[in-house]
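Peer 1: predicted model follows, preceded by the sequence.
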Amino acid sequence: MSSPTRLALSNALNDMLGGGRQTYRSASPPLALLLVCGLVGVGILLPLAYLVVRAGGAGEEFWRLLLRPRSAVILLNSVALAATVTAATVAIAVPLAWLVVRTDLPLRRLWTGLLVVPLAVPSYVGGFVLVGAFGPRGMLQRILAPLGVERLPEIYGFPGAWLALTLFTYPYVFLVVRSALQGMDVTLEDASRSLGQNGWVTFRRITLPQLRPAIAAGGLLVALYTISDFGAVSLLQFDTFTRVIYVTYQGSFDRHFAAGLALVLVAMTLAILSLEHRSRGRAHYHRSSRATLRPPHRVRLGKWRILALAFSGCVTFFALVIPATTVGYWLIRSGSLGADFNALPGLAWNSLWVSAAAGFFAVVLAVPLAYVTVRFASRPTRLFEYAIYLGYGLPGIVIALSLVFFGANVAPLIYQTFFLLLAAYLIRFLPQAYGNARTALLQVHTSLEEASRSLGHSWHATLRAVTLPLVRGGATSGGILVFVTTLKELPITLLLGPIGFKTLATEVWSATAEGFFAQAAPVILVLLAISLAPTLLFAGREP
């Protein structure tokens, strides 16, 4: 695994490539592993239980609140944003992936790295970039002011939210489609060309149908990301479920309405996850044999090379150059305005240690969970696997609200403690570590473990001496991915962080929400520097 997106989708890619399971014949897993599964299962189901209890407590008032016109508008906003962002990312990412894999585009590796970098940009930073560059008091307006331009067109609302989410989520589709193109058998394409078909007909009839599973996987992941996003829609003031839930909870303290909206959001999430599962279940890349897998014929762009370079450069300009320029502009202004940088080391330390803790404990839990679901596959373990991925589909704000209720009413001793904060991170991001551990374990044949057991070693001794060394690479990659995503997480940290606990993410959100762009710029720079390092590391290891 070699990029954050491929890591997050490793489980889905394995299924699409026809990956199978290797199971033991024994009836059930060891009791210790079952206890770990039970603990994780309770944590995952806790948010759903909270929402049902909270919404049910409103009685008939719940339905009156939920069925009012305002709720319909929020639903339409969320669906429209998810659909348009997904369509736009597919339209951008598929041509880019084809250009860097199947053509003679100059500097393909450089373009790949540049096109992956926006994945490290959190959505709320994307919102800051648009507001800071094109907002009423933004960089462009200040540059044009001497020319008599007093106000630019409005960037807030749907256009801004759509643009921000599109620019910083297209790498999800780009990387998974690129991976599919690299692993695709080119025999059928060669046969099509040998029969006199031109490149466009071959792509439309042969290549594109084989790419549809990858496009669906990446597109559906973008849709999930969009409906659960909080930062971009909040800064750009567009009412989707996540923003309205947060405002309702923080402002009027109408917990029943917030819970009702969250249940609708969960229903949307389940629908998308179900669609994703059905898409994966039918999706396979058919190969005649491993021996026929060879490098594809690279299409000569010829006169289209300038257009291809312009398209790649345009995407890079909006997704990378403008953000860098905007942050740099406000960073310079922060110095001239006498911004205080003394808090940066503390904010960076808070972000680093809490993200590292989440990554470590995610790996500790993910390995035994993967061991149970892979080595003792059955209908119950399959259902448990679905429950694990449900946590990834639940928006952070829903998980945070449920644990706030749990801590305040059931376990006050852990309320507003780091224990509850880490628990929320694990519920949200454990599937990322689990997917990598599962994929790594699928590559370890059971004969190695059975040989150890035949020599008299117990299951835990076999796990420690044989299995863990073989899955260490995949599990570590999953932990790094959890580290990166936790570093950027916003609503969970805002609602569950102990009093006085601030991270780079919460500081960026607080400053940009108040319009203090100069104050936010140095914090964003540090956040991007920390996020960028592992992202570039993974991208650099791409084949």
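Peer 2: Alright, I've got the coordinates. In this text the structure is predicted, and so the values were computed from the model without any measurement.

Peer 1: ok, now which ones touch the spatially most central residue of the chain?
Peer 2: The residue lying closest to the centre of the chain (Cα atoms, centre = their mean) is Tyr225, at 6.1 Å. Residues in contact with Tyr225 (Cβ atoms under 8 Å, 6 or more residues apart in numbering) are Leu165, Thr169, Tyr172. Every residue, glycine included, has its C-beta placed from N, CA and C.

Peer 1: same thing but 6 Å
Peer 2: For Tyr225, the contact set (Cβ atoms under 6 Å, 6 or more residues apart in numbering) comprises Thr169.

Peer 1: and the host helix or strand of Val315, how far out from the chain's middle?
Peer 2: Val315 belongs to helix 305-316 when assigned by DSSP states H and E. Distance of helix 305-316 from its chain centroid, counting by Cα atoms, centre = their mean, to the nearest Å, is 26 Å.

Peer 1: same thing with stretch 299-312?
Peer 2: How far stretch 299-312 lies from its chain's middle: 31 Å, per Cα atoms, centre = their mean.

Peer 1: residues making contact with that stretch?
Peer 2: Against stretch 299-312 from outside (Cβ under 6 Å, 6+ apart): Leu99, Arg102, Thr103, Asp104, Leu105, Trp111, Gly199.

Peer 1: just the buried members of these?
Peer 2: In these, burial by neighbour count holds for Leu99, Arg102, Thr103, Leu105, Trp111, Gly199, counting by 16 or more other Cβ atoms under 10 Å.

Peer 1: the fifth one and Ser228, how far apart?
Peer 2: Note on Trp111: its distance to Ser228, by Cβ to Cβ, to the nearest Å, is 29 Å.

Peer 1: isn't there a helix covering the residue nearest to the centre of the chain?
Peer 2: Yes: applying DSSP: H, G, I helix; E, B strand; the rest coil, one finds Tyr225 inside a helix.

Peer 1: torsion angles phi and psi at Thr103?
Peer 2: Main-chain torsions, Thr103, degrees, to the nearest 10: phi -130, psi 170.

Peer 1: run through the bridge partners of it.
Peer 2: For Thr103, the beta-bridge partners under DSSP bridges are Val299.

Peer 1: the stretch 1-150 of the chain: strands as residue ranges?
Peer 2: Counting by DSSP state E, counting those that start in this stretch, the stretch 1-150 of the chain has no strands at all.

Peer 1: helices of that one, start to end?
Peer 2: Secondary structure of the stretch 1-150 of the chain, counting by DSSP state H, counting those that start in this stretch: helices at 4-8, 10-16, 31-56, 60-66, 69-102, 108-116, 123-134, 139-144.

Peer 1: closest one to Leu390 among the ones you listed?
Peer 2: Closest approach to Leu390 among the helices of the stretch 1-150 of the chain is made by helix 31-56 (6.2 Å; Cβ to Cβ).

Peer 1: can you pull the buried residues of that closest one?
Peer 2: 33, 36-37, 40, 43-44, 46-48, 50-51, 54-55.

Peer 1: now the end-to-end length of stretch 484-495.
Peer 2: 20 Å (Cα to Cα, to the nearest Å).

Peer 1: revised request: answer the last question for stretch 245-256.
Peer 2: Stretch 245-256: ends 10 Å apart by Cα to Cα.

Peer 1: show the average pLDDT along it.
Peer 2: The average of the pLDDT scores along stretch 245-256 is 70.

Peer 1: repeat for stretch 347-356
Peer 2: Stretch 347-356 comes out at a mean pLDDT of 90.

Peer 1: same question, stretch 261-268
Peer 2: 80.

Peer 1: check contacts around Lys502.
Peer 2: Lys502 neighbours (Cβ under 6 Å, 6+ apart): Leu347.

Peer 1: go with 7 Å
Peer 2: Counting by Cβ atoms under 7 Å, 6 or more residues apart in numbering, Lys502 makes contact with Leu347, Asn350.

Peer 1: ramachandran angles for the nearest residue to Ile92 once chain neighbours are set aside?
Peer 2: Spatial nearest neighbour of Ile92, chain neighbours left out: Tyr170 (4.7 Å); criterion: Cβ to Cβ, 6 or more residues apart in numbering. Phi and psi for Tyr170, reported as degrees, to the nearest 10, are phi -60, psi -30.

Peer 1: how close does Tyr170 get to Pro395?
Peer 2: For Tyr170, the distance to Pro395 - Cβ to Cβ - is 21 Å.

Peer 1: what sits against Leu422?
Peer 2: Residues near Leu422 by Cβ under 7 Å, 6+ apart: Ala357, Ala358, Phe361.

Peer 1: and for Asp143, the neighbour number?
Peer 2: I think there's a mix-up here, since residue 143 is Ile and not Asp. 11 (other Cβ atoms under 10 Å).

Peer 1: actually Pro412, not the one I wrote
Peer 2: 9.

Peer 1: got it, and Gln237?
Peer 2: If we define neighbours as other Cβ under 10 Å, then Gln237 has 14 of them.

Peer 1: when you give positions from now on, start the count at 18
Peer 2: OK, 18 is where the count begins now, so the last one is Gln254.

Peer 1: rewinding a little: which of the buried residues of helix 48-73 sit farthest apart?
Peer 2: Within those, Leu50 and Ala72 form the most distant pair, 34.2 Å apart (Cβ to Cβ).

Peer 1: surely Val118 and Ser196 touch.
Peer 2: No: counting by Cβ atoms under 7 Å, Val118 sits too far from Ser196 to count as a contact (9.3 Å).
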